[in-house]
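Visitor: here is the input, now give the coordinates:
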Amino acid sequence: MRTGRLKLSGVAASYHCMTRTVNGEHLFKNREKEVLRKMIWQVADFCGVEVLTYCIMSNHFHVLLRVDDRQQVSDAELLRRYQVLYPKPTKYQTASVILMRKTLLSGGEDADVIRRQLRARMGDVSQFMKALKQRFSVWYNRSHRRYGTLWAERFKSVLVEGKGNPLQTMAAYIDLNPVRAGLVEDPKDYRFCGYAEAVAGVAEAESGLLRIWSDHAAKQIDAALQAHRMLIFGKHAARAGVSDISRERALKVLEQEEGVLPKAAVLRCRVRYFSDGAILGSAEFVRGFSKTWQAERRRKYPPKVNAMKGADWGDLSVIQGLRRQVFS
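Guide: Residues are numbered from 1 along each chain as shown. All right, here's what the predicted structure looks like:
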């Protein structure tokens, strides 16, 4: 399938982005995950995108972003964001900032060139992913005396309806990655995901969770955490347990018995809708972007809107029905 993103302009949009290491090699231990975690927040600040949640695994990472490409960025903010990328600047980088500030203050054509170059890297999920992956690759290769490409592909992305059930379900799916991999029973115990950072009281992660649950009257972080936990664990949330339906049992019910399971149980399976579905949201939302998707891919016929199967997904639909197995 095509990687990258469905390109929209003039609107705020949410995207689930995922990328893997070359050959799926398990290259990231705690140190690497910690560096990548910091870079996610750092590059998001520079690009002016909002991280709603994320999860870093040993051979891939997920990030759920809210992007508004209608940003008006002042010269002072451009300089601040540029400096965010260099928390420990070299003499050359410090001199570059001083020169940039003088040029912007003086105005003229040179100042306009700087503004265009910096603004072109902001408010765009593709630019965010490009900058993040490049910066991490440079650090990783230098740290490990390694050469060559680190990532297997550009990245996959799914356009997600930016409120309600679609956004909340996607966020829960991302946060449950370490549970799905058998690393922890509770994502709050996995330090490299957005939910764990929100539980720990990290302001940026709390802000993302509040955005995810903004339509749920969750104006305070405690309410947002409770709502998210209820989605992750279903009726078991009150006693902080995990679903009593194993992943193996869930897959058997879904694939062999063609049954329907509670959403909390199915989210513990790998569901390809969330990485390969192209557009995810209510049927109306998906239908609204179908012509954009069709034009971008130069398809002769418009795509169908497909209701998601296998669980009580509510009103969730995708633009690609997925011919191969949906669950794996």
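Visitor: and Asn165, helix, strand or coil?
Guide: Using DSSP: H, G, I helix; E, B strand; the rest coil, the secondary structure recorded for Asn165 is helix.
Visitor: poorly predicted segments of the stretch 101-250 of the chain, please.
Guide: 217-218, 235-250 (pLDDT under 70).
Visitor: what about the strands in it?
Guide: Secondary structure of the stretch 101-250 of the chain, counting by DSSP state E, counting those that start in this stretch: strands at 156-160.
Visitor: helices of that one, start to end?
Guide: Taking DSSP state H, counting those that start in this stretch, the helices of the stretch 101-250 of the chain run over residues 109-119, 125-143, 164-175, 177-180, 194-199, 203-212, 221-233, 247-251.
Visitor: could I get those helices as CSV with distance to Lys309 and mean neighbour count?
Guide: In this view, the C-beta of every residue, glycine as well, is placed from N, C-alpha and C. Putting those into CSV (distance: least, Cβ to Cβ, whole Å; neighbours: other Cβ atoms under 10 Å) gives the following:
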stretch, distance to Lys309, mean neighbour count
helix 109-119, 42, 13
helix 125-143, 28, 18
helix 164-175, 14, 24
helix 177-180, 19, 21
helix 194-199, 26, 24
helix 203-212, 24, 20
helix 221-233, 19, 19
helix 247-251, 14, 16
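Visitor: would you mark the buried spots in stretch 272-283?
Guide: Across stretch 272-283, burial judged by 16 or more other Cβ atoms under 10 Å covers 272-282.
Visitor: where's the dip in pLDDT among these?
Guide: Note: of the buried residues of stretch 272-283, the lowest pLDDT belongs to Gly277, at 84.
Visitor: look up how far Lys300 lies from that one.
Guide: Separation of Gly277 from Lys300 (Cβ to Cβ, to the nearest Å): 21 Å.
Visitor: cool, Ala278 as well?
Guide: Distance from Ala278 to Lys300, by Cβ to Cβ: 17 Å.
Visitor: next one: Asn23
Guide: Taking Cβ to Cβ, one finds Asn23 at 36 Å from Lys300.
Visitor: those two - which one has more neighbours?
Guide: Asn23 (8 against 5; other Cβ atoms under 10 Å).
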